[in-house]
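Student: Fold the stuff below for me.
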Amino acid sequence: MKKGKLLLTALTMNAMSMTAQTQDFTPAKVDFDAYEKLVAEVKEHRKSRLVNLETFLKMSKEEKVIIIDTRSDEMYKSKHVKGAVHLNFSDFTQTSLARLIKSKDTKILIYCNNNFDKDEPNFPTKAYVPKLSNEKALTLALNIPTYINLYGYGYKNVYELSELVSVDDTRIKFEGTSVPAN
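Tutor: Below you'll find the model as predicted:
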């Protein structure tokens, strides 16, 4: 009986301590419910903003259009769509976007690694590949979080390359350290 009371007292004190700990700090500026609402809004908006390569290339030639590559600096330097500007996704802030994009009406084109077939980066390939519950491999890429962040920061004139394109496709030009000189 004495051991039971000691255990109950210890558990009660632990619970009280945990409650006190949660009240001793200011919570982070994270609102997951607001994020879920934003994602639902972006999902609808994005449906009409997925473009094939032909449309992507045509838009890229328009005035006041910016192509943003949000991959790592290493990936960008290795190979990127010609004319794309780099903004590492981890550096996305209202300030960094405002420096890069002068108007929220600017047409923004985005793409990522998952748009290019036969593009094998010189990085380790034995990485963990998450699986969905039905054992289908889950493909994670920066297209979606980039789109969500741009939209969330007020940049709604965003278009995303939706087509899988061979890096050997002569319609698209690349530049970077791994691109052979012409």
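Student: got any ranges where the protein has weak pLDDT?
Tutor: 1-23, 119-139, 182 (pLDDT under 70).
Student: and if we set it to 80?
Tutor: 1-23, 118-140, 182 (pLDDT under 80).
Student: Quickly find the element holding the residue nearest to His45 when sequence neighbours are not counted.
Tutor: Nearest residue to His45, sequence neighbours excluded (CB to CB, 6 or more residues apart in numbering): Tyr151, at 6.4 Å. (Glycine included, C-beta is placed from N, CA and C.) Secondary structure from DSSP states H and E places Tyr151 in helix 143-152.
Student: Return that helix as CSV; C-alpha atoms alone will do.
Tutor: Output of helix 143-152 as CSV, limited to C-alpha atoms (Å, rounded to 0.1, in the frame of the first residue of the first chain):
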residue,chain,number,x,y,z
ASN,A,143,7.3,22.4,-55.4
ILE,A,144,4.4,22.1,-53.0
PRO,A,145,5.9,23.9,-49.9
THR,A,146,7.4,26.5,-52.2
TYR,A,147,3.9,27.1,-53.8
ILE,A,148,2.3,27.2,-50.3
ASN,A,149,4.8,29.7,-48.9
LEU,A,150,4.7,32.0,-51.9
TYR,A,151,0.9,32.0,-51.8
GLY,A,152,0.9,32.4,-48.0
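Student: partners of the next helix or strand after it in the sheet?
Tutor: Remark: after helix 143-152, the chain's next helix or strand is strand 158-161, criterion DSSP H and E. If you go by DSSP bridges, strand 158-161 pairs up with strand 50-51 (parallel), strand 107-110 (parallel).
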